[in-house]
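Undergrad: fold the stuff below for me.
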Amino acid sequence: MIMDSEALLTFVTIHRTGGFSSAAESLGRSQPAISRRIALLEEELGMPVFERAAGAVVLSEAGRILLPHAERVIAGLHDATSAIKAMRTEGGGRVAIVAVGTLAGTNLTGVLKRFAAEHPKVDLSISTANSHEVSNLVRQGEATLGLRYLSDVAPDLVSEHIASEGMVVACAAEHPLAGKALKSLTALRHERWFAFRNTYDQRETFADNIFAQFQMRGIAEIRWTSADSLNAMKRLVEAGLGIALLPESAVEEERRIGSISVIPVADLKVANPVYVVVRRGGYLSPATHNLLALLRAAPRLAGRPQQQHSGRAKR
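TA: Below you'll find the model as predicted:
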């Protein structure tokens, strides 16, 4: 049995984009050509790789088994292309970084600006996603390295702790407690809080932190409203509609212009651990190693001086 890379790419693209039409558009091919590729793949396998459920295209049992193997093949092809391009362009090639959106602020962009200046031949790209998606994009070879919250223990990835992102209680500048030090977080138990909505399989520490902090203090529930983005959360806080536990670096600009303030809480010392993830055994170009070195050395990558940790991401 020989499955060609084009068939596997077509299969993975249909899964990622959610359908044959969207995959055809993504790959720049006709839908009949896409359908024919999958028909030949299924003929070779002797079973379907997709099923239709409620009008959507979903993986069959065989498709779920095939998917991680197909993704590794495609990631390997990305590696081969990157390695040859880096060799041909003498220090050039492509470096793609994907980061949790809240990390893509001034501190990270400063590192990327320096990297771009030092590597003018490198095709540098950056995208944002949640932590779960960051790992998947690295795993699939769509990104060279990723920045996410918390370590990913998956065996096909290597995680390295490079920073800790300090969190603060943010409030409107006009809030009665703005700038006033509190002894305990329990004093804020009656406030309305904003937090990201959470899901079991795509957990973000933003969504869990504030609830966990109150539970540790014996308070089971708080009043809260979900927000779907950091920017939305900041605008709601600015408007005085509630308060939120936010990255210190994310509200630096608002604090500077006076639209957002913070409430210092003596018994609240919270920091989100930031990890860089790479694919275990994946190709890392010299330029990528240089970018990793800059990320490790950045003193304020995530808003607080980073801690020293042993261990490095390995190829």
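Undergrad: low pLDDT regions in this structure?
TA: Within the chain, the ranges that satisfy pLDDT under 70 run 1-3, 82-92, 105-106, 198-208, 299-315.
Undergrad: okay, domains of this protein per the record?
TA: Domain assignment for the chain by automatic domain parsing gives 5-70, 72-163+273-297, 165-271.
Undergrad: the longest helix in this protein is where?
TA: For the chain, the helix with the greatest residue count under DSSP state H is helix 61-88.
Undergrad: helix or strand next in line after that helix, which one?
TA: Downstream of helix 61-88, the first helix or strand assigned by DSSP states H and E is strand 93-100.
Undergrad: mean neighbour count added to the domains of the chain, as a markdown table?
TA: In short, each C-beta sits where N, CA and C put it, glycine included. Below are the domains of the chain laid out as a markdown table (neighbours: other Cβ atoms under 10 Å):
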| stretch | mean neighbour count |
| --- | --- |
| domain 5-70 | 16 |
| domain 72-163+273-297 | 19 |
| domain 165-271 | 16 |
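Undergrad: which residues in the stretch 201-315 of the chain form strands?
TA: Counting by DSSP state E, counting those that start in this stretch, one finds strands in the stretch 201-315 of the chain at the ranges 223-227, 243-247, 260-262, 271-279.
Undergrad: quick one: strands adjacent to the second one?
TA: In other words, strand 243-247. Sheet partners assigned to strand 243-247 using DSSP bridges are listed as strand 157-172 (antiparallel), strand 192-196 (parallel).
Undergrad: isn't residue 20 up against residue 32?
TA: No: under the criterion of Cβ atoms under 8 Å, residue 20 makes no contact with residue 32, lying 9.5 Å away.
Undergrad: circling back to that earlier point, which elements pack onto the longest helix of the chain?
TA: Applying 3 or more Cβ pairs under 8 Å, 6 or more residues apart in numbering; DSSP states H and E, one finds that helix 61-88 contacts helix 5-17, strand 93-100.
Undergrad: export the ones you listed to JSON lines and tack on distance to residue 48?
TA: Shown next, in JSON lines, are the helices and strands packed on helix 61-88 (distance: least, Cβ to Cβ, whole Å):
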{"stretch": "helix 5-17", "distance to residue 48": "11"}
{"stretch": "strand 93-100", "distance to residue 48": "32"}
